[in-house]
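[1] what follows is a predicted structure for the sequence shown.
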Amino acid sequence: MYQQQEHQAVPKLKLTEQPSLALPPVRYDGLPKNLIFCCRIWKMPNRRFADGEVVMGRWPGSVLYYEVQVTNYDDVTHLYTVKYKDGTELALKESDIKSQSSFKPRKSQSSSSSPSRRSTSRSRSRSPGRPAKGRRRSSSQSRERKDDKKKIIQETNLALLKPSENNTRRYNGEPDSTERNDTSSKILEQKLKPDLEIERVLDKYSLRPREEEKKKEEIYSEKKVFEMVKTTEKVSSKTKELEFGGRFGTFVLIFFLPATVFYLLLMCEQDDPSLMNFPPPMPALESLWEARVFGVFLLWFFLQALFYLLPIGKVVEGLPLSNGTKLQYRINGFYAFVLTAAIIGILLYFQFELHYLYEHFLQFAVSAAVFSMGLSIYLYIRSLKAPEEDLAPGGNSGYLVYDFFTGHELNPRIGSFDLKYFCELRPGLIGWVVINLVMLLAEMKIHNQSMPSLSMILVNSFQLLYVVDALWNEEAVLTTMDITHDGFGFMLAFGDLVWVPFVYSLQAFYLVGHPTAISWPAAAAIIILNGIGYYIFRSANSQKNSFRRNPADPKLAYLKFIPTATGKGLLVTGWWGFVRHPNYLGDIIMALAWSLPCGFNHILPYFYVIYFICLLVHREARDEHHCKKKYGLAWERYCRRVPYRIFPYIY
């Protein structure tokens, strides 16, 4: 922030008209040189501020002004390039720039202006700075006093305003600390409160023009915002930039995604699941639905909901919403996984037939798809009555199909039960592990094996590690794009309940009907590859999380970063200086390790890694777009410093 400086006593030029090309002659005799220079600049019709001049620039999208230095001026666009103290450079309009003189306060008032001197037993003696008795304070002094307090409020808002960073992964690193020290704002509020109350009472009996009274009310509104300590940015009412192909693209995806799931599952059941056998034989429609299967799916869903409602695990706060509030979340996903494992163990002990899931696998997928569609319809209907501030920034376009697909409401809740947060990790992710286990048992039963194959063990072990890591770091999901930006609609509902458990388990389902034998050296190489991917994924996220929590940690002294105007830094060393998304790189390496145990006879088990590359490249493009809007020229500097996005020296 800028430092307060005192006015210099210089002659003032009184301008009663707007500047024009034909100005009357002005005498400069006796004026300081710097004032003569300002006059000459003022007379220029196309430019007001000179290169190198220190002015106050408004941060885009807010009412806050910061001290900046003019570095350039474009005669074509009439935009000034300014540089903030943290190194951020932005292009601003002339209307967003003001001179420092309009922000500089007058000399400090004497002690007689303190609240204690305004009591009923006030002294008759007056300091030189106070106006004589009976003489009214000039309007310029009153306005400057307003500017001083307005500036203090803006400084406090700046200290409290910390925009959140969007992470673009289903779970990507650990969340920021949700604690905030409001001591300074409370002390400042206590200091300003007596002045605000007294000034409001005195203004009741003042005779000011209506225009000045209107400005006064605006200042009072800002003070009211300060007293309530609400410093969040106003969210846009409508979504202007449509993703996923807009209305037509989302309409196609609503039908294309379920068709893709059914096609993959049908291909895995074929003896020769090659692309040459397209299309696979379609089963009878009546064989795709069974009420008992749908009942088992509902039992699974509500069992996980019951585990979510158990009063175990810690409760944490999410990132601030558009209205400044923070939702609370119960972190007990790992406990739910342990309870589920205990129930599965009991069922196996009593020789319960889990082979039923394998025999009706396609019917379970249909049941999950029907349930996700019904849930999506319910979510959209209830979102029509949701207040504007509860709608998703990316799903409020006004188009039914688009908002239905991307999600109209950001955080739909039934009481304290958060539907989106529950579906993000619980029924689908834990169900993925259960399906893999069922496929392992089915392989042993169908092929009369006393032990599962080495390929099946590798696939189960790798994916079990991935799921346990996600549940152990469950708190990290609160900072992902799914929670902070995307609404809960068909995209996430179908993805969490259908795509994750039935597509991510494709390798295990493939190995049941197409067993593949691999050697121990090949298995060792695949284990090393998966270990490298997991190490990159976890260490990159841990490095970023440690830097977010405490950038001044001596253990992180080796990390260099580019400062931004949001208060956050962009790492340019470590993993995040290697590529822009090292966690994505680790994800793709692990995805390849999951497919290699299936051999090279067919491309079908490699669908996951192909799809995952496309998904992460698309997510990376969305993340690039959001970061460029959020960090401005600081993000461009980061991109020049770290040119490679996901793959080093390739992409």
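    That came in fine, so what should we check first?
[2] show me where the stretch 401-550 of the chain has helices.
    419-425, 431-446, 454-472, 481-484, 490-494, 500-503, 506-513, 520-549 (DSSP state H, counting those that start in this stretch).
[3] who are the packing partners of the last one?
    The one in question is helix 520-549. When contacts are defined as 3 or more C-beta pairs under 8 Å, 6 or more residues apart in numbering; DSSP states H and E, helix 520-549 packs onto helix 454-472, strand 569-571, helix 575-578, helix 582-595. For the C-beta atoms, the positions are set from N, CA and C on the backbone; glycine is no exception.
[4] if we use 7 Å, what do you get?
    helix 454-472, helix 575-578, helix 582-595 (3 or more C-beta pairs under 7 Å, 6 or more residues apart in numbering; DSSP states H and E).
[5] out of those helices, which one sits most buried?
    Stretch with highest mean neighbour count among the helices and strands packed on helix 520-549: helix 582-595 (a mean of 23; mean count of other C-beta atoms under 10 Å).
[6] of the helices and strands packed on helix 520-549, which is nearest Ile528?
    Closest approach to Ile528 among the helices and strands packed on helix 520-549 is made by helix 582-595 (8.9 Å; C-beta to C-beta).
[7] would you mind getting the angle between the closest one and helix 454-472?
    Interaxial angle, helix 582-595 versus helix 454-472 (axes from the mean of the first three to the mean of the last three C-alpha atoms, to 10 degrees): 150 degrees.
[8] the very next helix or strand once past helix 582-595 packs against which elements?
    Going down the chain from helix 582-595, the next helix or strand is helix 607-631, by DSSP states H and E. Helix 607-631 sits against helix 506-513, helix 582-595, with contacts defined as 3+ C-beta pairs under 7 Å, 6+ apart.
[9] circling back: turn the helices and strands packed on helix 520-549 into JSON lines, columns for mean pLDDT.
    As requested, those are exported to JSON lines (pLDDT from 0 to 100):
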{"stretch": "helix 454-472", "mean pLDDT": "95"}
{"stretch": "helix 575-578", "mean pLDDT": "78"}
{"stretch": "helix 582-595", "mean pLDDT": "90"}
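[10] would you reformat those as a markdown table and include distance to Val434?
    As requested, those are exported to a markdown table (distance: least, C-beta to C-beta, whole Å):
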| stretch | distance to Val434 |
| --- | --- |
| helix 454-472 | 10 |
| helix 575-578 | 33 |
| helix 582-595 | 17 |
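[11] relative to Ser416, which of those is closest?
    Comparing the helices and strands packed on helix 520-549 by their distance to Ser416 (C-beta to C-beta), the top pick is helix 454-472, with 20.4 Å.
[12] follow-up on the earlier one: out of the helices and strands packed on helix 607-631, which gets nearest to Ser383?
    Closest to Ser383 of the helices and strands packed on helix 607-631 is helix 582-595 (C-beta to C-beta; 30.8 Å).
[13] could you list every helix and strand in contact with the closest one?
    Against helix 582-595 (3+ C-beta pairs under 7 Å, 6+ apart) you get helix 454-472, helix 520-549, helix 607-631.
[14] select, out of those, the one closest to Met439.
    Using C-beta to C-beta, these put helix 454-472 closest to Met439, at 7.3 Å.
[15] so for Cys627, what pLDDT did the model give?
    What the model reports for Cys627 is a pLDDT of 79.
[16] swap in Glu155?
    Looking at Glu155, its pLDDT stands at 45.
[17] now swap in Glu388 and tell me
    For Glu388, the model assigns a pLDDT of 87.
[18] from Pro412, how far off is it?
    Glu388 sits 15 Å away from Pro412, going by C-beta to C-beta, to the nearest Å.
[19] so those two - more neighbours on which side?
    More neighbours surround Pro412 than the other of Glu388 and Pro412, with 24 against 10 (other C-beta atoms under 10 Å).
[20] picking that back up, out of the helices and strands packed on helix 607-631, which comes closest to Phe103?
    When these are compared (using C-beta to C-beta), the closest one is helix 582-595, at 42.3 Å.
[21] so how far is the closest one off the chain centroid?
    23 Å (C-alpha atoms, centre = their mean, to the nearest Å).
[22] partners of the longest strand along the chain in the sheet?
    Scanning the chain for the strand with the most residues, using DSSP state E, yields strand 65-74. Next to strand 65-74 in the sheet, as set by DSSP bridges, lie strand 54-58 (antiparallel), strand 79-84 (antiparallel).
[23] and of the helices and strands packed on helix 520-549, who's closest to Trp59?
    helix 575-578 (25.0 Å).
[24] give me the contacts around the closest one.
    For helix 575-578, contacts defined as C-beta atoms under 7 Å, 6 or more residues apart in numbering pick out Ser539, Ala540, Gln543, Lys544, Leu571, Pro582, Val642, Pro648.
[25] can you rerun that using 10 Å?
    536-537, 539-544, 547, 559-561, 570-572, 581-583, 585-586, 638, 641-642, 644, 648 (C-beta atoms under 10 Å, 6 or more residues apart in numbering).
[26] of all the helices and strands packed on helix 520-549, which one is nearest Lys628?
    The closest of the helices and strands packed on helix 520-549 to Lys628 is helix 575-578. By C-beta to C-beta, the value is 16.6 Å.
[27] so how far is that closest one off the chain centroid?
    Using C-alpha atoms, centre = their mean, the mean C-alpha position of helix 575-578 is found 20 Å from that of the whole chain.
[28] got JSON lines for the helices and strands packed on helix 582-595, with distance to Val500 too?
    Below are the helices and strands packed on helix 582-595 laid out as JSON lines (distance: least, C-beta to C-beta, whole Å):
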{"stretch": "helix 454-472", "distance to Val500": "10"}
{"stretch": "helix 520-549", "distance to Val500": "17"}
{"stretch": "helix 607-631", "distance to Val500": "11"}
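[29] quick check: phi and psi at Met373.
    Taking degrees, to the nearest 10, you get phi -70, psi -40 for the backbone angles of Met373.
[30] pLDDT at it, what is it?
    On the pLDDT scale, Met373 is placed at 97.
[31] measure it to Gly574 for me?
    Applying C-beta to C-beta to Met373 and Gly574 gives a distance of 44 Å.
[32] cool, and Val63?
    36 Å.
[33] repeat that for Asp469.
    20 Å.
[34] what does Ser383 give?
    Counting by C-beta to C-beta - Ser383 and Gly574 are separated by 41 Å.
[35] settle it for me: which of the two has more neighbours?
    A direct count of neighbours by other C-beta under 10 Å for Ser383 and Gly574 places Ser383 higher, at 23 against 18.
[36] which residues touch the more buried one?
    The contact partners of Ser383, by C-beta under 10 Å, 6+ apart, come to 390-392, 395-396, 403-404, 407-410, 412, 487-489.
[37] so of those, which ones are in strands?
    Among the contacts of Ser383, none falls in strands (DSSP E).
[38] which of the residues you listed sits closest to Ala91?
    Asn396 (28.1 Å).
[39] give me the nearest residue to that closest one, chain neighbours excluded.
    Distance criterion C-beta to C-beta, 6 or more residues apart in numbering; nearest residue to Asn396, sequence neighbours excluded, is Thr239 at 4.8 Å.
[40] next one: Leu375
    Ala493 (5.1 Å).
[41] hmm, Phe371 and that neighbour touching each other?
    Yes - between Ala493 and Phe371 there is a contact at 8.8 Å, judged by C-beta atoms under 10 Å.
[42] the two - which one has more neighbours?
    Ala493 (24 against 19).
[43] if we can go back for a sec, distance to Ser416 added to the strands paired with strand 65-74, as a markdown table?
    A markdown table is the format used below for those (distance: least, C-beta to C-beta, whole Å):
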| stretch | distance to Ser416 |
| --- | --- |
| strand 54-58 | 40 |
| strand 79-84 | 41 |
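[44] looking at those strands, which is closest to Pro452?
    Closest among the strands paired with strand 65-74, once you apply C-beta to C-beta, is strand 79-84, at 59.6 Å.
[45] with just CA atoms, put that closest one into CSV.
    The C-alpha trace of strand 79-84 is given here as CSV (Å, rounded to 0.1, in the frame of the first residue of the first chain):
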residue,chain,number,x,y,z
LEU,A,79,-4.7,2.5,-22.3
TYR,A,80,-2.0,3.1,-19.7
THR,A,81,0.3,0.2,-18.8
VAL,A,82,0.9,0.5,-15.0
LYS,A,83,3.1,-1.5,-12.6
TYR,A,84,2.1,-2.3,-9.1
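[46] good, wrapping up.
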